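Engineer: Using only what follows, build the 3D model:
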Amino acid sequence: MDFLIIDDDKTFREATCFLIDEEKHYAEGAASGQLGLKRLKEEKFDAVLLDLNLGDENGLDVLTEIQKAYPELPVVMFTAEGNIKTAVEAMRRGAADFLEKPFKSEQFLTVLARLQRLRQMGQQIERLEREVTETRAQEAESIFDFTAPPMQGVMETLLRAAKTPASVLIVGESGTGKSVLARAVHQNSHLADKSLVTVSCPSLSKELLESDLFGHVRGAFTGAVKDHWGKVSTAEGGTLFLDEIGDLPLEIQPKLLRLLQEREYERLGENVTRLANVRVLAATSRDIKSRVADGTFREDLYFRLNVITVQIPPLRSRPADLRRLAEHYARHFAARCGRQVEGFTEEALASICGYAWPGNLRELRNAIERAVILGREPRITLADLPAELRSSLLPGATSGFTGQNDGLITLEQLEEQHIKRVLAQTRTIAQAAQILGVDQATIYRRIKKYGVEQQRAA
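Structural biologist: Presented below is the predicted three-dimensional model:
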């Protein structure tokens, strides 16, 4: 936590800062109420320790100003002239606690612990509110109800791993929902009531990323005007999610390896070794093995992360999920936009099923949201979809699906052509059934129906 001590007694300010620093928190002092209010405008603090008597200033008036400007900021009042009347008045004006000078360190530490609990409660409320917002934003992802066997296997592995403290590495193309799945692991783990803290590895420079991850002390680098505890500290007792870990700078990798193996880390600019109690999840769209081979990713870190690894198949290899996901997104965005959408026309569905979806779930989600917003008919039509989807049904398109009427085909024709293509590219009925997300009996019936020659073993 970060504390601001407002007191005109320099000796008392320094002694209080020392007590707080001993408890591994940050503290700085201000010699007057006006200087304290100025610092509150400049920096974010978690609590204020305020003296009642500030020379010509009245601490209760300063408390009122703080409460008006920062109503959620807890303030503890100090006074050398404590009595029931001043304590009651301080509490009436919004003080979180009251201490009489001089106090014993045990008394102060009790107040400090109470402030920590208040902060934890506030963080819990913020986390719950954030999770509600994220859940609403991610409702359209529908990650738990997949039809295709490859995704069923992925979910089974993730949910089993969630119950353990093991590190999990989620690998998949951009847009396949890796961060959503990481959140699912956290929510199904024994740490579900704790924080899930995300670090985006490619988003910052090496120096800022290291500070964001491990924290720094004041003066560690230019611009480090106060202590910063970092995401590892924020995630204490919970889950740390390293998104796109394949882009983690090589210089930071030894420190992450130490965190994973020894549960230890140090903030930038200090030599104090700290212990971390965090569960680490990671995700990447990179081929880490090739990065290990070219020397841009440490082999020992890869092995440490590779305890439980799941590969998220791209959307184009999950045709059994595609129609259901499209319909789910349509219902979701129709509800959000206040529209009545009855589904898709056959041409629109054929276009969706015939497109390769290089952007995976993210691209599908955006395409359906656009169609719901721009569509005028009760059902989403081909014209409502992006141009690249419409072109997937035109002559010469690379989707592999052809038919009459300028490339437009029925869903039955689409199914026949797709099943024939899968059968032509697989060696066994079992393999074809797995790709299509159906049982082998269904494949046998389709072979008989479409007159496909069975040149394969079951």
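
Engineer: Identify the residues contacting stretch 216-226?
Structural biologist: 2, 26, 28, 43, 207, 211, 227-228, 230, 267-270 (Cβ atoms under 8 Å, 6 or more residues apart in numbering). Using the backbone N, CA and C atoms, a C-beta is placed for each residue, glycine as well.

Engineer: The same query, at a cut-off of 6 Å, please.
Structural biologist: 227-228, 267-270 (Cβ atoms under 6 Å, 6 or more residues apart in numbering).

Engineer: Next: stretch 61-77.
Structural biologist: 33, 47-50, 52, 90, 93-98, 111, 115, 118.

Engineer: Which ones among the contacts of stretch 216-226 map onto strands?
Structural biologist: Within those, no residue falls in strands by DSSP state E.

Engineer: With neighbour count and pLDDT added, can I get the residues you listed in JSON lines?
Structural biologist: Output for the contacts of stretch 216-226, formatted as JSON lines (neighbours: other Cβ atoms under 10 Å; pLDDT from 0 to 100):
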{"residue": "227", "neighbour count": "22", "pLDDT": "80"}
{"residue": "228", "neighbour count": "19", "pLDDT": "83"}
{"residue": "267", "neighbour count": "21", "pLDDT": "91"}
{"residue": "268", "neighbour count": "18", "pLDDT": "90"}
{"residue": "269", "neighbour count": "15", "pLDDT": "89"}
{"residue": "270", "neighbour count": "15", "pLDDT": "87"}
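
Engineer: who touches residue 359 in this structure?
Structural biologist: Residue 359 touches residue 175, counting by Cβ under 6 Å, 6+ apart.

Engineer: For the chain, name the helix or strand with the lowest mean pLDDT.
Structural biologist: Ranking every helix and strand in the chain by mean pLDDT, DSSP states H and E puts helix 105-137 at the bottom, with a mean of 69.

Engineer: per-domain residue ranges of the chain.
Structural biologist: Domains of the chain are assigned by automatic domain parsing as 2-116, 152-312, 314-405, 410-458.

Engineer: Worst mean pLDDT among the ones you listed?
Structural biologist: Among those, domain 410-458 has the lowest mean pLDDT, at a mean of 70.

Engineer: PyMOL command for the buried members of the contacts of stretch 61-77?
Structural biologist: Under the burial definition 16 or more other Cβ atoms under 10 Å, those of the contacts of stretch 61-77 that qualify are selected in PyMOL by:
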select buried, resi 33+47+48+49+50+52+90+93+95+96+97+98+111+115+118
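
Engineer: Now for the contacts of stretch 61-77: which two are most distant?
Structural biologist: 33 and 118 (22.5 Å; Cβ to Cβ).

Engineer: how much space between residue 205 and residue 15?
Structural biologist: Residue 205 is 38 Å from residue 15, where distance means Cβ to Cβ, to the nearest Å.

Engineer: These two - which one has more neighbours?
Structural biologist: Legend: neighbour count by other Cβ atoms under 10 Å for residue 205 and residue 15, higher for residue 15 (15 against 10).

Engineer: any idea which helix or strand comes after the host helix or strand of the more buried one?
Structural biologist: Using DSSP states H and E, residue 15 falls within helix 10-22. Downstream of helix 10-22, the first helix or strand assigned by DSSP H and E is strand 26-30.
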